[in-house]
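Colleague: Pasting the sequence and the predicted coordinates here, then a few questions.
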Amino acid sequence: MRSNTPGLAAAHSSAPGMLSPISALSPLDGRYANRLAPLRPFMSEQGYMHRRVQVEIAWFIALSDAGFDEFQPLSPGARTYLMGLVKNFSETDGLAIKEIEKTTNHDVKAVEYWIKSKFDARPELEKAAEFVHFACTSEDINNTSHALQLKGGRDAVLLPALDALVNKLREMAHAFAAVPMLSRTHGQTASPTTVGKEIANVVVRLAAAREKIAGVKLLGKMNGAVGNYNAHLSAWPDFDWEAFCRRVIETPEPLGLGLAFQPYSIQIEPHDYMAELFDAVARTNTILIDLSRDIWGYVSVGYFKQRLKAGEIGSSTMPHKVNPIDFENAEGNLGLANALLRHLSEKLPISRWQRDLTDSTVLRNMGVALGYAVLAYHSLMTGLNKLELNEEELAADLDGSWEVLAEPIQTVMRRFGVAGAYEKLKEVTRGKTVTPEALHSLIRSLEIPDAEKDRLLALTPGGYTGMAEVLARRA
């Protein structure tokens, strides 16, 4: 596959230290570089080259064990050396490959030549050098490398960051399970809930969304230029290449790749699993946008306070302000992530005829899309850790909203067949400031059992939360 970024090799001819976070074009490698350090080994250009080396070495060793007379099994020493090339792959190795790419103008071929260069003065490996990249098209190496990148980025970075959020929210749901809170449907006062139950709603949604991300099978194909094992069969027509390739793909690392086998493809793996994965992440991010906006609103109305940090400034002109910037940053970065994730999921499964190159440049932005998501998860966690519940404000809001008890009163009236229950409560409450005295007067006038009157008279907005506490603790 050709490098489709003009001048890329030239850019790497400069000393590696020339770029700094303050001169980076992307904020992911600039302002937020430290926060995304765990993702970089998987999703960076170096991570991509590392995975290519891993795939080439796994393929080479597997070929040596296939039983071909022309390629005898490698010695233990040779295997250890080859696995060391993968295990110890460094930035210096990546730059050496980029140096070769200046000549080849082909990034996968540069990886092949780099591996062969490591065979120098090792007769056993020099003799077998032509089995590096044997019968492979570049996309056999690229598609499996992309899957390994996503495996590392998802399992080692994205899911742990998401799990930390779910755990924090579950902790909050349980801690605040019994704290009553006024609901606002359509922005208007509505039946009370508890703070914990509202957070529990998000916990349950996120847990389900997280399982969708984790459940996506990461696929790889190793079937040649157009998916038919043409080159493979030209060399050994009677060998079961499909079964062999399946073993290489499915055998766990480090002997294999630990992926799921894709039996049908054109030159490129169809990328449908990528679309499924990116859509799953985007759906998760949408839930978190919803959470970010709600928390922002609760901070705005005073339900939550934010812990102060010495030296921090909320506003350059208004000293009293403590802005909910972490939730705003999360919302913005989740939006950026989803814009990229949705383009990836819509574009990648489309390729003209047996191959075009439009997927290549797009795939190089997988780390950018996941990077904005991970950045947002960290911002959310930072924001959640700053929150302090303002129970006085929550109680005051409830105490000023007695109209929400119109619902239980008219429901009990309906139970006992009081005609026009809804309409009577509507007349007393709609568009009016409702006082406990007005409601109690109405209750005393009702033709319902005295025990039911007493139950309604004892009810307060803060006590009218249904199963909210039970549901919150169950999450």
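Modeller: Yep, that arrived. Numbers count the residues shown, from 1 in each chain.
Colleague: where does Lys305 land in three-state SS?
Modeller: strand (DSSP: H, G, I helix; E, B strand; the rest coil).
Colleague: thinking it is in contact with Glu392, fair?
Modeller: No. Between Lys305 and Glu392 there is no contact under CB atoms under 8 Å: 10.3 Å. (C-beta placed from N, C-alpha, C; glycine too.)
Colleague: More neighbours: the two, which one.
Modeller: Under the neighbour definition other CB atoms under 10 Å, Lys305 and Glu392 were set side by side, and Lys305 has more, 14 against 9.
Colleague: Local confidence estimate at the more buried one?
Modeller: Looking at Lys305, its pLDDT is 95.
Colleague: so how far is Lys426 from it?
Modeller: 37 Å (CB to CB, to the nearest Å).
Colleague: contacting residues around stretch 465-475?
Modeller: The contact list for stretch 465-475, computed with CB atoms under 8 Å, 6 or more residues apart in numbering, reads 170, 173-174, 176-178, 180, 191-194, 196-197, 199-200, 203-204.
Colleague: Could you do stretch 408-424 as well?
Modeller: 425, 439, 442-443, 446-449, 452, 455-456, 459, 464.
Colleague: closest to Gly187 among those residues?
Modeller: Using CB to CB, Tyr464 comes nearest to Gly187 of the contacts of stretch 408-424, at 19.8 Å.
Colleague: The closest one - nearest residue in space that isn't next to it in sequence?
Modeller: Pro192 (5.3 Å; CB to CB, 6 or more residues apart in numbering).
Colleague: how about that neighbour, what does it touch?
Modeller: Contacts of Pro192 by CB under 8 Å, 6+ apart are 180-183, 398, 404, 461-462, 464-465, 468.
Colleague: Keep only those of the contacts of stretch 408-424 that are in helices.
Modeller: Of those, the ones assigned to helices by DSSP state H are 425, 439, 442-443, 452, 455-456.
Colleague: Compile those into JSON lines and extend it with columns for distance to Asp69, pLDDT and neighbour count.
Modeller: Converted to JSON lines, the ones in helices among the contacts of stretch 408-424 look like this (distance: CB to CB, whole Å; pLDDT from 0 to 100; neighbours: other CB atoms under 10 Å):
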{"residue": "Leu425", "distance to Asp69": "91", "pLDDT": "80", "neighbour count": "22"}
{"residue": "Leu439", "distance to Asp69": "93", "pLDDT": "92", "neighbour count": "21"}
{"residue": "Leu442", "distance to Asp69": "97", "pLDDT": "90", "neighbour count": "19"}
{"residue": "Ile443", "distance to Asp69": "95", "pLDDT": "93", "neighbour count": "20"}
{"residue": "Glu452", "distance to Asp69": "92", "pLDDT": "96", "neighbour count": "15"}
{"residue": "Arg455", "distance to Asp69": "90", "pLDDT": "96", "neighbour count": "14"}
{"residue": "Leu456", "distance to Asp69": "91", "pLDDT": "96", "neighbour count": "20"}
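Colleague: Could you check which helix or strand contains the most centrally placed residue in the chain?
Modeller: Taking CA atoms, centre = their mean, the centroid of the chain lies closest to Val281, which sits 4.5 Å from it. Take DSSP states H and E as the rule and Val281 turns out to sit in helix 272-300.
Colleague: From the contact counts, what lies against that helix?
Modeller: Applying 3 or more CB pairs under 8 Å, 6 or more residues apart in numbering; DSSP states H and E, we find helix 272-300 packed against helix 138-153, helix 159-175, helix 195-214, strand 304-306, helix 325-347, helix 366-386.
Colleague: Ser292: which of those is closest?
Modeller: Here helix 325-347 is closest among the helices and strands packed on helix 272-300 (CB to CB), at 4.3 Å.
Colleague: got the buried residues for the helix or strand following the closest one?
Modeller: Once the chain leaves helix 325-347, the next helix or strand it forms, by DSSP H and E, is helix 358-363. The neighbour-count check on helix 358-363 (16 or more other CB atoms under 10 Å) flags 359-360, 362-363 as buried.
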